[in-house]
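K.L.:
whatever this is, show me its structure:
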Amino acid sequence: MREFPKWLLALAFLSLTSVLSSPFYMFGGVAVFGHSEYAVVNFLLFLLQNLLWVLPVLLFFGSLELYRIGLKRAGVAVVSLGLLLTILCFVLLLI
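P.N.:
Reported below is the predicted structural model:
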């Protein structure tokens with residue numbers, strides 16, 4: 001962890017807070033994209049809405065890997081995208 005600057009680790013850690021919203025998306029009955037009359041479509045919508053909290057976690061690891069191999073700008077861009085998705089994850093819970 002010494003090879004990463006502290007500010008990057010702080011931003012990356014904030015994107016991991018999306019895990020705190022996972023119980024609401026998985027078990028709370030939240031339907032961000034609405035409901036359909038077809039069970040298959042409902043299942044696909046459920047998977048899509050769960051990507052809202054899973055993607056920031058995956059982007060956390062991707063951003064640190066990009067930064068580690070020398071693609072610093074790409075790593076910062078990916079961690080910023082993860083942070084925006086985390087914010088969106090919590091905002092959609094409040095709507």
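
K.L.:
from here on, contacts and neighbour counts on C-alpha atoms
P.N.:
Noted.

K.L.:
can you give me phi and psi for residue 69?
P.N.:
For residue 69, the backbone dihedrals (degrees, to the nearest 10) come out as phi -80, psi 0.

K.L.:
what about it, neighbour count?
P.N.:
When neighbours are defined as other CA atoms under 10 Å, residue 69 has 9 of them.

K.L.:
what do you get for residue 31?
P.N.:
With neighbours defined by other CA under 10 Å, the count for residue 31 comes to 16.

K.L.:
for the chain, which helix is longest?
P.N.:
For the chain, the helix that runs over the most residues, judged by DSSP state H, is helix 39-68.

K.L.:
so which elements touch the helix or strand following that one?
P.N.:
Counting by DSSP states H and E, the next helix or strand C-terminal to helix 39-68 is helix 72-94. Secondary-structure packing of helix 72-94 (3 or more CA pairs under 8 Å, 6 or more residues apart in numbering; DSSP states H and E): helix 6-16, helix 39-68.

K.L.:
what does the helix or strand following the shortest one rub up against?
P.N.:
When you say that, I think you mean helix 6-16. Counting by DSSP H and E, the element after helix 6-16 in chain order, helix or strand, is helix 22-27. Helix 22-27 has contacts (CA atoms under 8 Å, 6 or more residues apart in numbering) with 30, 31, 49, 50, 53, 93.

K.L.:
highest neighbour count among those residues?
P.N.:
Sorting the contacts of helix 22-27 by how many neighbours each has (other CA under 10 Å) puts residue 53 first, at 26 neighbours.

K.L.:
please export the C-alpha coordinates of stretch 41-57 as PDB.
P.N.:
Taking C-alpha atoms only, stretch 41-57 is exported to PDB below (Å, rounded to 0.1, in the frame of the first residue of the first chain):
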ATOM      1  CA  VAL A  41     -37.400  -8.800 -17.000                       C
ATOM      2  CA  ASN A  42     -37.900  -8.300 -13.300                       C
ATOM      3  CA  PHE A  43     -34.800 -10.500 -12.600                       C
ATOM      4  CA  LEU A  44     -32.700  -8.600 -15.200                       C
ATOM      5  CA  LEU A  45     -33.800  -5.200 -13.600                       C
ATOM      6  CA  PHE A  46     -32.900  -6.600 -10.200                       C
ATOM      7  CA  LEU A  47     -29.400  -7.500 -11.500                       C
ATOM      8  CA  LEU A  48     -29.100  -4.100 -13.200                       C
ATOM      9  CA  GLN A  49     -29.900  -2.200 -10.000                       C
ATOM     10  CA  ASN A  50     -27.500  -4.300  -8.000                       C
ATOM     11  CA  LEU A  51     -24.700  -3.200 -10.400                       C
ATOM     12  CA  LEU A  52     -25.100   0.200  -8.800                       C
ATOM     13  CA  TRP A  53     -23.400  -1.000  -5.600                       C
ATOM     14  CA  VAL A  54     -21.200  -3.800  -7.100                       C
ATOM     15  CA  LEU A  55     -19.500  -1.700  -9.800                       C
ATOM     16  CA  PRO A  56     -17.900   0.800  -7.400                       C
ATOM     17  CA  VAL A  57     -16.300  -2.200  -5.600                       C
END
